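Visitor: Provided below are the primary sequence and the corresponding predicted coordinates.
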Amino acid sequence: MTEKQDQIKVTAASDIEVNHEELDASIREFAGPNGDFYVIAFHKIHNSTGALPTTFNFFAALFGPLWAASRAIWGMFWSFLILEIFAWVQIGRGFWGNPGADLLERAERQQARVQDMLERAAEAASQDDVDRFTTLAGNLQKAAEKTLSEANAIQSEAPAIALTGLLILLVVKALQGFIANSIYEKRYSNWRIDHSMVESGRHMRNIVMGVVLVAAIAPLIIFKFTVNTSFAFLDAFPEEAVSQVLLGEGNGTLFAALAGWMEARIDAAALAGGDVFDGVVATVRAVLDGLTLALIGSPWPVVMLIICVTAWRSAGPRVAIFTAASLAYIALLGYWAVAMETVALVGASVLLCVVIGIPLGIWFGKSQRAYSAAEPVLDLMQTLPAFVYLIPIIAFFGTGNPPGILATIIFGMPPVIRLTALGMRGVPESIKEAAVAFGASRWQLLKDVELPLALPSIMTGVNQTILMCLSMVVIISLIGGGGLGKEILEALQYAAKGPGLLGGFAILFLAMVMDRIVQGAFRQKR
Amino acid sequence: MGDAVVKLTDVWKIFGARADEAMAAVRNEGIGKPEVLQRFGCVVGVQGASFDVPRGEIFCIMGLSGSGKSTLVRHINRLIDPTAGSIEILGQDVSTLSDRELRRIRAQQIGMVFQHMALMPHRTVRDNVAYPLEIRKVSKSKRWAISDHALGLVDLTGYEDRLPSELSGGMQQRVGIARALASDPEILLMDEPFSALDPLIRLQLQDQFKALVAQLKKTTLFITHDLDEAIRIGHRIAIMKDGVIVQIGTPEDIVMNPADDYVREFVQGISKLKLVKAHSIMMPIEEFKATDERSLDDAPRADENADLDQLIDLSVQTYSPVIITENGQDIGVVDKARLLRGIQGGKND
């Protein structure tokens, strides 16, 4: 019985032996130089069932990050480079650094002030002053002595610091030795999946790169942190010196020159295109004035009633009640006129966003080339912090509500463009083909098939745009925009907590009411 | 076939930026499909397809996916422009049509049904069916009347005001057929209309469709990847492989005389019951009488055009063989051994 079992085991083992040859060849191919070592190491890793690594790579321990670099394991290179530099910094501080230098310096300063006080005491005319200065000098003397003893205490810890550093270094080295083969084995496994994605073997290029990086980083860092009095040019970028070299002495900094140049360009452009910019502002102002007249010019009960009824018709009684309560809050706190100004600002921005954005979205949805060209611009419009493009807006369009609307449009238009394009592209080819097969012209295709099917996406885009415009109309108060944003900005400037919060809630309610009404309307359409 | 409604002459379609160069190379050097791909990076969709479809015929185009059958049929209403060759419908070359004329032909003369129905989800069933009429600017009352009639043809009366998403797959495809019929076109293009349906519904729709087309006398191009379907529906079948039409013929033609191994392989699994006729498996009556002692006294009789299915029905009721007649005259005999061989595919000892 046992004999038979043994026999079976022997056959199984020989089978594994056969597989190993293939594996070994592959490991050798992966490792390149020193392949035999890795064959044995990987076997140990493959055979072990425990969590702890059982292999030790002496070269990895000795050369540390340089070994990782030579094998192109850059993640390991960086982690252990940092750890080793940390250890070396501690060693350096212990051996040749001056850990108590700060305190010694302070003690010296205090000592000097003691002298100063004593001198003043000597020069003082009245006995009161003499006493006062003497007491002060005495106190300072005590403080100086305390600092000095602290400094000495730290100084005496230097060997301990050095020892700690040495210990850390040894632990880090040992750690590298132990985990190097495991990490390298993981890379081998990845390399098996795709040879072209994972670098194999050992290359001179990587070793040189590793050496250069270590040589550039380690000495400077260790120097800076161990020697307290380091070179000034290592502490701050010497931009003034560079400016002098580039521009010549006495010509100011690079920054000043560039800023001056840009300012001149922008002024020139604003002057040259003045008519165009004025035209744009006039158009925006016309839209805004129309809306403002409707919202503020009309008697407030009419506007309130219309808003409440709209909420009820589009989103149901609950939203209508919420709308009425929000409007009551706004009106009772005296925000009615400014809130309606905000609504007019948002309304004008959204209107312009939709009128410009949907046709653009349709175009980008149909033409891949146009979309590729526009995509970076759209990204820029959304990622650029609002404060940054407020500046050119002021330069070209001045301050006040219309330029504010332009800034809002820049910020709010990308969603409607993107989602319109997305919706247009999401229309199934088969339905478009069917319409064409039944003789639809391009216009009929757009009107009957593409726009209706893209509508949910377009509506989501419009909703996003509304919310983004609402958040932006607060910021445009910085360039003279009115409405609730202005109230909040004023509250902010005087740190008026109460008015600020009340205004903030007014904007919040306004946003919620608009969002509810618009969403309710879209849901009904679907 | 002077009355060809659809006529394709040597139609080629090569996809890719360098299609014209590739076409010239094919013409001048006679290079094949793999070489075109290698040298020009172009894919050959259709290679030299020619056929005529006479008025009222159901012409099936059968092939596996990627064989170019859908590409081929899209040339007929010029959803795809050919690289070379000519396409005539109703005696008119479609490649010479202006955009406006093309749209008119598409809306009036050609109805198309798609594999994935391609109904507009936001329109009611009735408005979907009426869409080809709407494009032609037919008045609303007229197009509602016409689309209700078309929906009646496919048994969907009562569903006019539903949205397509409320209907089952089979019903949706019937809406698709109604839409194709609504403008009363001369030609129907069916692009794998029943492929996405489950087998039972498919059978029902095939029968319904066949009856409908026979009644309305529409010239039909029917694409399918299912030879059973092609045989059940088609008057003639074209078999396509890699963009080439391998064989055109009647279902019996194709089953009994496959043009090459590719077609033979296809035909192998096909049931011969409805295709093989008595005259092709019978033994002449004189030969039977000379070699066999069995009595033919109470033998049942069947016409020479009876198919195997009918012969089986007759044969199971009696022990004796079946006598085959031509114009009332006894001409041959089919015994059980011959019948079984016939079912296997006409192998005779």
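Guide: Perfect, thanks for sending it.

Visitor: Give the helix, strand or coil label for the residue of the stretch 351-500 of chain A found nearest chain B.
Guide: Closest to chain B within the stretch 351-500 of chain A is A:Gly439: 3.1 Å, counting by C-beta to the nearest C-beta. No exception for glycine: its C-beta is placed from N, CA and C like everyone else's. Taking DSSP: H, G, I helix; E, B strand; the rest coil as the rule, one finds A:Gly439 in the coil state.

Visitor: Touching, it and B:Lys137? I think so.
Guide: No - A:Gly439 is beyond contact range of B:Lys137, at 11.0 Å (criterion: C-beta atoms under 8 Å).

Visitor: Can you pick out the residue with more neighbours from those two?
Guide: Neighbour comparison, A:Gly439 and B:Lys137: the larger count goes to A:Gly439, with 23 against 8 (by other C-beta atoms under 10 Å in any protein chain shown).

Visitor: need the contact list for that one.
Guide: Applying C-beta atoms under 8 Å, 6 or more residues apart in numbering or on different chains, we find A:Gly439 in contact with B:102-108, B:132, B:135-136.

Visitor: Backbone torsions only: list them for it.
Guide: Dihedral pair for A:Gly439: phi 90, psi 20, per degrees, to the nearest 10.

Visitor: swap in A:Gly248?
Guide: phi 90, psi 160.

Visitor: how about the nearest residue to A:Glu150, chain neighbours excluded?
Guide: A:Leu103 (5.3 Å; C-beta to C-beta, 6 or more residues apart in numbering or on different chains).

Visitor: Could you verify that the one you found is part of a helix?
Guide: Yes - the assignment for A:Leu103 is a helix, going by three-state DSSP.

Visitor: sorry, back to before: now do the residue of the stretch 351-500 of chain A closest to chain B against B:Ser70, distance only.
Guide: Distance, A:Gly439 to B:Ser70, by C-beta to C-beta, to the nearest Å: 20 Å.

Visitor: A:Phe59 too?
Guide: Here A:Phe59 is placed at a distance of 63 Å from B:Ser70 (C-beta to C-beta).

Visitor: Tell me which of these two has more neighbours.
Guide: Under the criterion of other C-beta under 10 Å, the comparison of A:Phe59 against B:Ser70 puts B:Ser70 first, with 20 against 16.

Visitor: need the next SSE after the helix or strand hosting that one, C-terminal direction.
Guide: Counting by DSSP states H and E, the element that carries B:Ser70 is helix B:69-74. As assigned by DSSP H and E, the chain's next helix or strand after helix B:69-74 is strand B:84-89.

Visitor: what's the single longest helix in chain B?
Guide: In chain B, assigned by DSSP state H, the helix with the most residues is helix B:199-216.

Visitor: Let me know the secondary structure of the residue lying closest to B:Gln247 once chain neighbours are set aside.
Guide: In this structure, B:Gln247 finds its nearest non-sequential neighbour in B:Ala259, 3.9 Å apart by C-beta to C-beta, 6+ apart. With three-state DSSP as the basis, B:Ala259 sits in coil.

Visitor: what about B:Ala259, neighbour count?
Guide: 14.

Visitor: Quickly list the domain ranges of chain B.
Guide: Domain assignment for chain B by automatic domain parsing gives B:54-84+B:96-109+B:185-268, B:278-344.

Visitor: tell me the most buried of these?
Guide: Among these, domain B:54-84+B:96-109+B:185-268 has the highest mean neighbour count (mean count of other C-beta atoms under 10 Å in any protein chain shown), at a mean of 19.

Visitor: Report the mean per-residue pLDDT for that one.
Guide: For domain B:54-84+B:96-109+B:185-268, mean pLDDT rounds to 87.

Visitor: Residue in chain B with the shortest distance to chain A?
Guide: B:Ala107 (3.1 Å).

Visitor: quick one, what contacts that residue?
Guide: A:438-439, B:132, B:135-136, B:183.

Visitor: just so I have it, where are all the helices in the stretch 151-300 of chain A?
Guide: Counting by DSSP state H, counting those that start in this stretch, the stretch 151-300 of chain A has helices at residues A:158-193, A:204-226, A:232-235, A:239-247, A:254-272, A:274-292, A:300-315.

Visitor: Alpha carbons only: can I get the last one in CSV?
Guide: Only the C-alpha atoms of helix A:300-315 are listed here, as CSV (Å, rounded to 0.1, in the frame of the first residue of the first chain):
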residue,chain,number,x,y,z
TRP,A,300,-44.0,91.4,-7.3
PRO,A,301,-47.3,89.5,-6.6
VAL,A,302,-47.5,88.7,-10.3
VAL,A,303,-44.0,87.3,-10.5
MET,A,304,-44.4,85.3,-7.4
LEU,A,305,-47.7,83.8,-8.6
ILE,A,306,-46.2,82.9,-12.0
ILE,A,307,-43.2,81.2,-10.4
CYS,A,308,-45.4,79.2,-7.9
VAL,A,309,-47.8,78.1,-10.6
THR,A,310,-44.9,77.1,-12.9
ALA,A,311,-43.5,75.0,-10.1
TRP,A,312,-46.9,73.4,-9.5
ARG,A,313,-47.5,72.6,-13.1
SER,A,314,-44.1,71.2,-13.8
ALA,A,315,-43.1,69.5,-10.6
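
Visitor: quick one: that helix to chain centroid distance?
Guide: Relative to its chain's centre, helix A:300-315 lies at 42 Å (C-alpha atoms, centre = their mean, to the nearest Å).

Visitor: Could I get the buried residue list for it?
Guide: A:303-304, A:307-308, A:310-312, A:314-315 (16 or more other C-beta atoms under 10 Å in any protein chain shown).
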